[in-house]
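Asker: Predicted model and sequence follow; I will ask about them next.
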Amino acid sequence: MSNLAELSITEASKKLAAKEISAADLARACLATIEAKNPELNVYLEVFDDVEAQATEADARRAKGEKHPLLGIPLAFKDNILIEGRRASAASKILEGYVASYDATVIKKLKEAGTILLGRTNMDEFAHGSSTENSAYGPTKNPHDTSRVPGGSSGGSAAAVAAGMALGALGTDTGGSIREPASFCGLVGLKPTYGAVSRSGLIAMGSSLDQAGPLTRTTADTELIFNTIRGKDPLDSTSIDEHFYPKYPLKKKIGVPRDLLQKGIDKDVLEQFEAALSALKTQGYEIVDIKLPSAGLALAIYYVIMPAEVSANLARFDGVRYGLSLQGSSQWEDYAKTRGAGFGAEVRRRVMLGTYVLSSGYYEAYYGTATAARVALSAEVARALESVDAIATPTAPSPATKLGEKVADPLAMYLLDIFTATANLTGNPAISVPMDTVAREGKDLPVGIQFTAAHGNEETLFAIGKKLEAKEAVQPRR
Ligand code: GLN
């Protein structure tokens, strides 16, 4: 391997343990790629000024006998995860100049492990989007084809790993924002079980939906990061202990909700999906049809509940407490001016929608109905997972779309979440693992397959991901 920045975390970790390389070597390799590629890809909003010092410190810790597998591993962080003393903008003008006063729990845990923090990555403003085009700091480009989006909203984190500008990254996932960019950039991405990872120190989008999770080159790397950041946290009352859920007996069965695959899905994606399923069959998995009649409603449910929670969570950005502050002739005008100028169009759209569905007279019809449908959907998914280990679908209905292709049509953009939103609504863990690529205009574009398991059963997702990555499982089309 000529470029150390392209190693998997697991490989790099072994080399560090064997003293073949140092954390300083790894950090320098990432910084060199960042310097070469960031101007074109617009991945990092900020590269930290102390990366080399952090690496020296990691090397010193190892010399003293510390052994954590993430000690000295350089990672990138989506810009909605607080790092003490660093700016955090959620890619929004309204948070310009805001500096975090404490570490998110996931950051605290990774610092304890000895991870090197490379910098803050670009994202859709407040994580609203599927393409990273809603950033106030310009779009990020997909390293596999720079005329295309990296997916969103954790597009900067995904592009960083795909381009060799970090060995792994953290993103956040409210309706698919880790899994969809993982699919578009050829990575593994995990949305953990709701509550498995503390939300303390994440800039909230939808509090009943948000989870932070890894974006990496292999399933083993994702497992490593997940095991480091997971766990109950006194700072997040919705977080749960890793022993909370039972051990699930292995059935070696994967369920496919075929009714959901009837229309609107790219035919090359479907072809790769079938190839991935037959690869799993040769690995001893039985593939069975399942029914999830309410899953067709997931997008409609999500796009009522998510904006409702967004409108509540974003109320704190009022020009008084954080970031941008514009003056009008009354306090009310101060709010209106600050929020009008500080929030981008998509954020304003969601705040208005959310306020509307929660307003007196409409609350029952929209929020109440969506909440009831969410309960029905959760019961269906739970029932299906009694007879199969995991549910499989494509992660996204298409490969990476062109820059600008969907910006003018928010509904078309929302459709990209068709397979991912369900797991956020039901709290189940879901992973995206690369399938083979599909060809578009002479470029090979990655596409992912998504697996959803029972609450607390990330282990099954990792087992399936590893099987799919195993050499003998790969049956390329060409
Ligand atoms: N694409 C979805 C949305 O726009 C998901 C966002 C997310 O997971 N943060 O809401």
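Answerer: Received it, and whenever you're ready, just let me know what you need.
Asker: Check the chain and tell me which residue is nearest its centre.
Answerer: Closest residue to the average C-alpha location of the chain: residue 178 at 1.7 Å, with CA atoms, centre = their mean.
Asker: quick one: is stretch 184-198 near the ligand?
Answerer: No - Stretch 184-198 stays clear of the ligand (CB under 6 Å from any ligand atom), getting no nearer than 8.2 Å. Any C-beta I mention is one placed from the backbone N, CA and C, and that applies to glycine too.
Asker: one step back: distance of the residue nearest to the centre of the chain from residue 420?
Answerer: Residue 178 is 9 Å from residue 420, where distance means CB to CB, to the nearest Å.
Asker: so what sits against both of these two?
Answerer: Contact with both residue 178 and residue 420 is made by residues residue 191, according to CB atoms under 8 Å, 6 or more residues apart in numbering.
Asker: How about the contacts made by residue 49?
Answerer: Counting by CB under 8 Å, 6+ apart, residue 49 has no contacts.
Asker: same thing but 10 Å
Answerer: With contacts defined as CB atoms under 10 Å, 6 or more residues apart in numbering, the neighbours of residue 49 are residue 119.
Asker: can I assume it sits in a helix?
Answerer: No - read with DSSP: H, G, I helix; E, B strand; the rest coil, residue 49 is coil and lies in no helix.
Asker: Just the pLDDT at it, thanks.
Answerer: Note on residue 49: pLDDT of 98.
Asker: what does residue 474 give?
Answerer: pLDDT, read off for residue 474, is 49.
Asker: ok, is the helix or strand of the chain with the lowest mean pLDDT in contact with the ligand or not?
Answerer: The least trusted helix or strand in the chain, going by mean pLDDT, DSSP states H and E, turns out to be helix 410-414, with a mean of 89. No - Helix 410-414 stays clear of the ligand (CB under 6 Å from any ligand atom), getting no nearer than 6.6 Å.
Asker: Number the chain from 53, please
Answerer: Renumbered: residue one is now 53, and that last one reads helix 462-466.
Asker: so what secondary structure elements neighbour the helix or strand that that helix is followed by?
Answerer: The helix or strand immediately downstream of helix 462-466 is helix 473-478, counting by DSSP states H and E. Using 3 or more CB pairs under 10 Å, 6 or more residues apart in numbering; DSSP states H and E, the elements in contact with helix 473-478 are helix 350-365, helix 421-439, strand 442-446, strand 482-486, strand 500-504.
Asker: How about the backbone phi and psi for residue 174?
Answerer: phi -70, psi 160 (degrees, to the nearest 10).
Asker: Count the residues that sit near it.
Answerer: By the other CB atoms under 10 Å criterion, the neighbourhood of residue 174 contains 30 residues.
Asker: Check residue 167 too.
Answerer: For residue 167, the neighbour count with other CB under 10 Å is 28.
Asker: same thing with the one 3 residues further on?
Answerer: Other residues near residue 170 come to 25 when the count uses other CB under 10 Å.
Asker: Correct me if wrong, but it is in a strand.
Answerer: Yes - Residue 170: assigned to a strand according to three-state DSSP.
Asker: Compute the distance between it and residue 179, please.
Answerer: For residue 170, the distance to residue 179 - CB to CB - is 20 Å.
Asker: List the pairing partners of the helix or strand harbouring residue 224 within its sheet, with orientation.
Answerer: Element membership for residue 224, per DSSP H and E: strand 220-225. With DSSP bridges as the test, strand 220-225 is paired with strand 126-130 (parallel), strand 263-268 (antiparallel).
Asker: JSON lines for these, including distance to residue 373?
Answerer: Shown next, in JSON lines, are the strands paired with strand 220-225 (distance: least, CB to CB, whole Å):
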{"stretch": "strand 126-130", "distance to residue 373": "22"}
{"stretch": "strand 263-268", "distance to residue 373": "23"}
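Asker: Need the ones you listed in CSV (columns: mean neighbour count).
Answerer: Listed next are the strands paired with strand 220-225 as CSV, based on neighbours: other CB atoms under 10 Å:
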stretch, mean neighbour count
strand 126-130, 30
strand 263-268, 30
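Asker: would you turn those strands into JSON lines with distance to the ligand and mean pLDDT?
Answerer: As requested, those are exported to JSON lines (distance: least, CB to the nearest ligand atom, whole Å; pLDDT from 0 to 100):
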{"stretch": "strand 126-130", "distance to the ligand": "10", "mean pLDDT": "98"}
{"stretch": "strand 263-268", "distance to the ligand": "9", "mean pLDDT": "98"}
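Asker: Quick check: which of these is nearest to residue 200?
Answerer: Residue 200 lies closest, by CB to CB, to one member of the strands paired with strand 220-225: strand 263-268, at 17.3 Å.
Asker: what angle separates whichever helix or strand comes after that closest one from strand 482-486?
Answerer: Following strand 263-268 in sequence order, the next helix or strand is helix 271-281 (DSSP H and E). For helix 271-281 against strand 482-486, the angle by axes from the mean of the first three to the mean of the last three CA atoms, to 10 degrees is 150 degrees.
Asker: List the buried residues in helix 271-281.
Answerer: 271, 272, 273, 274, 275, 276, 277, 278, 280, 281 (16 or more other CB atoms under 10 Å).
Asker: again, but for stretch 347-359
Answerer: 347, 349, 350, 351, 353, 354, 355, 356, 357, 358, 359.
Asker: Give me the three-state assignment for residue 339.
Answerer: On the basis of three-state DSSP, residue 339 is classed as strand.
Asker: Kindly report the same for residue 66.
Answerer: Under three-state DSSP, residue 66 comes out as helix.
Asker: That one against residue 119, yeah?
Answerer: No - between residue 66 and residue 119 there is no contact under CB atoms under 10 Å: 12.0 Å.
Asker: Distance of the residue nearest to the centre of the chain relative to residue 242?
Answerer: Relative to residue 242, and taking CB to CB, residue 230 is found at 7 Å.
Asker: Now do the same contact list for residue 198.
Answerer: 89, 92, 93, 455, 495.
Asker: quick one on the thing from earlier: settle it for me: which of residue 66 and residue 119 has more neighbours?
Answerer: residue 66 (14 against 11).
Asker: Model confidence score at the more buried one, please.
Answerer: For residue 66, the predicted pLDDT is 98.
Asker: can you check residue 315 too?
Answerer: 87.
Asker: May I have the secondary structure class of it?
Answerer: Classified using three-state DSSP, residue 315 is coil.
Asker: and it, what is it in contact with?
Answerer: residue 449.
Asker: Please apply the same query to residue 519.
Answerer: With CB under 10 Å, 6+ apart, residue 519 has these contacts: 271, 331, 332, 334, 335, 336, 337, 485, 525.
Asker: What values do phi and psi take at it?
Answerer: Main-chain dihedrals, residue 519, degrees, to the nearest 10: phi -60, psi -40.
Asker: how far away is it from residue 247?
Answerer: For residue 519, the distance to residue 247 - CB to CB - is 27 Å.
Asker: likewise residue 145?
Answerer: 32 Å.
Asker: who's more crowded, these two?
Answerer: Counted by other CB under 10 Å, residue 145 and residue 247 do not tie: residue 247 has more neighbours, with 22 against 16.
Asker: in what helix or strand does the nearest residue to that one once chain neighbours are set aside lie?
Answerer: The spatial neighbour of residue 247 that comes closest, neighbours along the chain excluded (CB to CB, 6 or more residues apart in numbering), is residue 292 at 4.1 Å. Counting by DSSP H and E, there is no helix or strand that carries residue 292.
Asker: got a list of what residue 379 touches?
Answerer: 371, 385, 386, 389, 390.
Asker: Among those residues, which are located in helices?
Answerer: The members of the contacts of residue 379 that map onto helices under DSSP state H are 385, 386, 389, 390.
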